[in-house]
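Novice: sequence unknown, structure follows:
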């Protein structure tokens, strides 16, 4: 029987350095603009049924409200703790794609031009911003900075 002890994984120097790199990327002005725009896009998606005027389409209104709230929460999480939430960045582009296709997929929706344009534009924006957020964590773009040696 071995009596060796192992340090918890979250204290490993490589994990700590990786989180520091993610946090440095999140501190860049580019990342802050992307996260802010994602938050605004999520708020718009949540309120779009009332802004555009398709509240009578209850199924799509509820879908947009839930999806917009999820996008807003993701943006807040990325902005406040990117080092711990970077693993969820793939969700934002998926939510953007859902916003794009939902007018045709959600049951019982009588589509209008303004409803479709609203969902497609905000969905495309969320998809692009989500991909940009994911790219920040991969070390691409202007936010890349190597961690300081310890």
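Specialist: Ah, there it is. In this text, all values refer to a predicted model and were calculated from it rather than measured experimentally. Residues are numbered from 1 along each chain as shown.
Novice: Okay, the residue nearest the centre of the chain and residue 54: tell me how far apart.
Specialist: Nearest to the mean C-alpha position of the chain, by C-alpha atoms, centre = their mean, lies residue 92 at 3.7 Å. Using C-beta to C-beta, to the nearest Å, one gets 23 Å for the distance from residue 92 to residue 54. Using the backbone N, CA and C atoms, a C-beta is placed for each residue, glycine as well.
Novice: cool, and residue 136?
Specialist: Applying C-beta to C-beta, the value for residue 136 to residue 54 is 34 Å.
Novice: now do residue 124
Specialist: Looking at residue 124 against residue 54, where the rule is C-beta to C-beta, the gap reads 19 Å.
Novice: ok, those two, which is more surrounded?
Specialist: Using other C-beta atoms under 10 Å, the more surrounded residue of residue 124 and residue 54 is residue 54, with 23 against 15.
Novice: Tell me who's in contact with the more buried one.
Specialist: 48, 60, 61, 112, 114, 115 (C-beta atoms under 8 Å, 6 or more residues apart in numbering).
Novice: now residue 129
Specialist: 34, 37, 38, 41, 92, 96.
Novice: Could you list the low-pLDDT ranges of this protein?
Specialist: 1-7, 9-27, 139-150 (pLDDT under 70).
Novice: List the buried residues of the host helix or strand of residue 41.
Specialist: Secondary structure from DSSP states H and E places residue 41 in helix 29-48. By neighbour count, and taking 16 or more other C-beta atoms under 10 Å as the criterion, the buried residues in helix 29-48 are 31, 34-35, 37-42, 44-46, 48.
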